[in-house]
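**Q** Requesting a structural model of the entry that follows:
(2 chains)
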Amino acid sequence: SQKIEQNSEALNIQEGKTATLTCNYTNYSPAYLQWYRQDPGRGPVFLLLIRENEKEKRKERLKVTFDTTLKQSLFHITASQPADSATYLCALGGDSSYKLIFGSGTRLLVRP
Amino acid sequence: DVKVTQSSRYLVKRTGEKVFLECVQDMDHENMFWYRQDPGLGLRLIYFSYDVKMKEKGDIPEGYSVSREKKERFSLILESASTNQTSMYLCASRQGAQETQYFGPGTRLLVL
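**A** Residues are numbered from 1 along each chain as shown, chains lettered A, B, ... in the order given. Okay, the predicted model is just below:
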């Protein structure tokens, strides 16, 4: 069955460093991948979408890569700030399917 | 500003009660979704709707039903609440298959 894995351990980094979060998947060929941010007690907020024919996408301090051979996406936050502390979720989607498959998320803690 | 609202942030119910969770979106989106989120399990799709009066089962529909009488409103019904339905419930909407998905703030349901 389809499986999506994100590191369940929290990532703890110093302010100003680059945070890199990983999303791996198996038994699936997604047409696109999305990243969301979720703060405690709140709903996820969409950040970025990357399609299968795109290698990299950027938005301000955020960068996402998508390697369909490795079945992996990396999510980078450069010049991280304490306000970036949150849980980050990746989600995979098919070509015409409305279903998104979500990972369980990785918690990021940015120390001042 | 786009908005998805949910009827309650917190809800406490007794085993066997019928529970209604309501979701309203103001973006005229075709597609609406109900998820539940549990620690370590990520977001799991309960039901989704791609049009008024149309619905499809997600991955965990047992014990739930839905209603979509108007385009902007999607209701989740727990016919007879059980303790294993204690969870965070998230509603979402989006227009197309590869579009941004917008989430509501979530309803934290406790079934005693």
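**Q** Chain neighbours aside, what residue packs nearest to B:K55?
**A** Counting by Cβ to Cβ, 6 or more residues apart in numbering or on different chains, B:K55 lies nearest to B:S49, which is 4.8 Å off, once chain neighbours are set aside. Every C-beta, even on glycine, is put in place using the N, C-alpha and C of the backbone.
**Q** residues touching the residue lying closest to A:L100 once chain neighbours are set aside, list them.
**A** For A:L100, ignoring the flanking residues on the chain, the nearest one in space by Cβ to Cβ, 6+ apart is A:A91 at 4.4 Å. If you count contacts by Cβ atoms under 8 Å, 6 or more residues apart in numbering or on different chains, A:A91 has them with A:I4, A:L33, A:Q34, A:W35, A:Y36, A:L100, A:I101, A:F102, A:G103, B:L43, B:Q101.
**Q** Which pLDDT does the model give A:A91?
**A** Per-residue pLDDT puts A:A91 at 94.
**Q** what about it, helix or strand, and which?
**A** Here A:A91 sits within strand A:86-93, counting by DSSP states H and E.
**Q** so how far is that strand off the chain centroid?
**A** Distance of strand A:86-93 from its chain centroid, counting by Cα atoms, centre = their mean, to the nearest Å, is 5 Å.
**Q** Please apply the same query to stretch B:41-50.
**A** 8 Å.
**Q** picking that back up, of the contacts of A:A91, closest to B:V4?
**A** Distance to B:V4 across the contacts of A:A91 (Cβ to Cβ) is lowest for B:Q101, with 9.6 Å.
**Q** For that closest one, give me its contacts.
**A** A:Q34, A:F46, A:A91, A:L100, B:F33, B:A92, B:S93, B:R94.
**Q** run the last query once more with 6 Å
**A** B:Q101 makes contact with B:A92, B:R94 under the criterion Cβ atoms under 6 Å, 6 or more residues apart in numbering or on different chains.
**Q** Within range of chain B, give me the residues from chain A.
**A** A:Y32, A:R42, A:G43, A:P44, A:F46, A:S96, A:Y98, A:F102, A:G103, A:S104 (Cβ under 6 Å from any Cβ of the partner chain).
**Q** wait, doesn't the third one sit right on B:R108?
**A** No. Distance between A:G43 and B:R108: 11.5 Å, which falls outside the contact criterion (Cβ atoms under 6 Å).
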